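S.K.: Quick one: sequence plus predicted model below, questions after.
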Amino acid sequence: MKGQQKLAHAKVLVIGAGGLGCPCLTALSASGIGNIGLADGDLISSSNISRQTLFSYPDTGRYKTAVAIASLKSRNPYLRYHEHRFFINEENILSLVKAYDIVVDATDNFQARYLINDACVVKNKPLVYGAIFQTEGHLTVFNYQNSPTLRCLFREPDQEEALPSCAESGAYMITTNIIGTMMANEVIKIALNQEEVLSGKLLRFEALDTTTTRVTYSADQQSKTKSYSRFKHVPKAIELTAAAFRESTQRTGIALIDVRTMEERKVQHIGGKHIPLPELEQFDLKGYDASQHFYFYCQTGIRSLQAAKKLRAKGYENAFSLKNGISTLNCEIKNT
Ligand SMILES: Nc1ncnc2c1ncn2[C@@H]1O[C@H](COP(=O)(O)OP(=O)(O)OP(=O)(O)O)[C@@H](O)[C@H]1O
């Protein structure tokens with residue numbers, strides 16, 4: 001019971017709802033991980049279905065995150081699922097990772113993998129890593145209680161072209177499902193504070209002769225510096241797309257602000273405070289510290305951008321504007 005409660009409180013982010021993500025999510029949900037986040041911006045294609053077991057043929061063309069979460073919910077509706085329907089990038093990864101205790105890398109390209117690794121170093125989150133190539137699978141845990149990271153194990157390749165796609169090289173569904181399920185096993189062990197977490201050790205599984213081997217690897221002092229330096233010069237995007245805006249404003253503790261006129265607000269609004277742009281100068285910011293998140297919206301995105309810029313100029317770097325205005329939000333619009 002005690003362990004099950006720990007799992008119920010865990011917050012786990014899975015990035016990638018493909019061959020590794022689907023079995024991992026299935027196992028996390030079945031085990032009662034209380035908060036499961038899923039990030040992916042991809043659509044289901046018919047060639048995914050044989051190994052991505054949360055999807056069926058009628059789902060072709062739909063968003064992976066939406067279908068995966070609906071499928072998981074129907075098996076275990078007693079959990080919280082958080083849909084992040086976008087591809088991770090340098091602008092959104094840090095705030096996304098920050099909200100979770102454990103991160104799972106179930107992506108399929110070097111760019112995403114090094115980005116996730118670096119974000120986990122900066123935000124100090126354990127990272128469960130799985131990868132497959134044809135019938136061979138790899139599994140390890142990075143950055144767990146100061147353990148080595150991806151950059152300690154593998155040097156970042158110079159060119160993405162070096163990696164053949166699943167379509168070219170083949171992806172064996174037995175291996176993706178075994179490694180994906182084992183990734184969930186590492187998540188559960190971390191959440192339960194078990195001693196035998198697979199950190200500093202790389203497990204290699206070969207389906208053809210059914211062998212597993214384990215190699216140990218050690219920390220490289222330069223690797224964390226590289227992770228930190230990648231985020232140093234990334235200016236935070238000030239305009240958010242509708243999906244990112246909707247996602248961000250669902251969090252608690254944020255300030256949502258409508259900067260339009262009262263007449264415009266009367267027609268429709270999406271909640272939050274009402275401070276028309278000309279009155280923003282008088283807005284009392286005393287109660288807000290520098291890390292406060294402000295989300296501004298208006299009709300077309302022009303006034304909200306001005307508002308966000310004004311706040312950034314005052315030192316609030318987490319001020320954002322809804323790009324192209326409220327008409328781009330297809331969430332329920334409130335009428336007063
Ligand atoms: N930057 C990223 N952010 C979020 N998800 C990502 C990112 N990069 C890759 N992914 C996702 O990781 C998943 C990897 O799944 P998988 O390796 O099975 O490949 P696939 O793209 O679904 O299939 P195929 O390679 O056959 O086209 C995909 O759903 C992909 O969209």
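M.R.: Noted; the coordinates are in hand.

S.K.: Do a quick rundown of the helices in this structure.
M.R.: Per DSSP state H, the chain carries helices over the ranges 2-9, 21-30, 64-75, 93-98, 110-122, 150-153, 166-169, 173-191, 221-232, 242-249, 262-267, 302-313.

S.K.: if you average pLDDT over each of those, which comes out lowest?
M.R.: Across the helices of the chain, helix 166-169 has the smallest mean pLDDT, namely a mean of 78.

S.K.: Can you name the residue of this structure nearest the ligand?
M.R.: Nearest residue of the chain to the ligand (C-beta to the nearest ligand atom) works out as residue 18 at 1.8 Å. In short, each C-beta sits where N, CA and C put it, glycine included.

S.K.: Which residue is the nearest non-sequential neighbour of that residue?
M.R.: In this structure, residue 18 finds its nearest non-sequential neighbour in residue 52, 5.7 Å apart by C-beta to C-beta, 6 or more residues apart in numbering.

S.K.: Does that neighbour touch residue 20 like I think?
M.R.: No. Using C-beta atoms under 8 Å, residue 52 makes no contact with residue 20, being 9.3 Å away.

S.K.: quick one: contacts for the residue of the chain closest to the ligand?
M.R.: 40, 42, 48, 52, 64, 106, 107, 108 (C-beta atoms under 8 Å, 6 or more residues apart in numbering).

S.K.: Next: residue 213.
M.R.: Taking C-beta under 8 Å, 6+ apart as the test, what residue 213 contacts is 203, 204.

S.K.: Could you pull up the mean pLDDT of stretch 316-327?
M.R.: 91.

S.K.: how about that stretch: buried residues?
M.R.: Neighbour counts over stretch 316-327 (16 or more other C-beta atoms under 10 Å) mark 316, 318, 319, 320, 321, 322, 323, 324, 325, 326 as buried.

S.K.: Show me which residues of the stretch 101-250 of the chain are close to the ligand?
M.R.: 107, 108, 109, 112, 165, 166, 167 (C-beta under 6 Å from any ligand atom).

S.K.: how far away is the second one from residue 223?
M.R.: Separation of residue 108 from residue 223 (C-beta to C-beta, to the nearest Å) stands at 22 Å.
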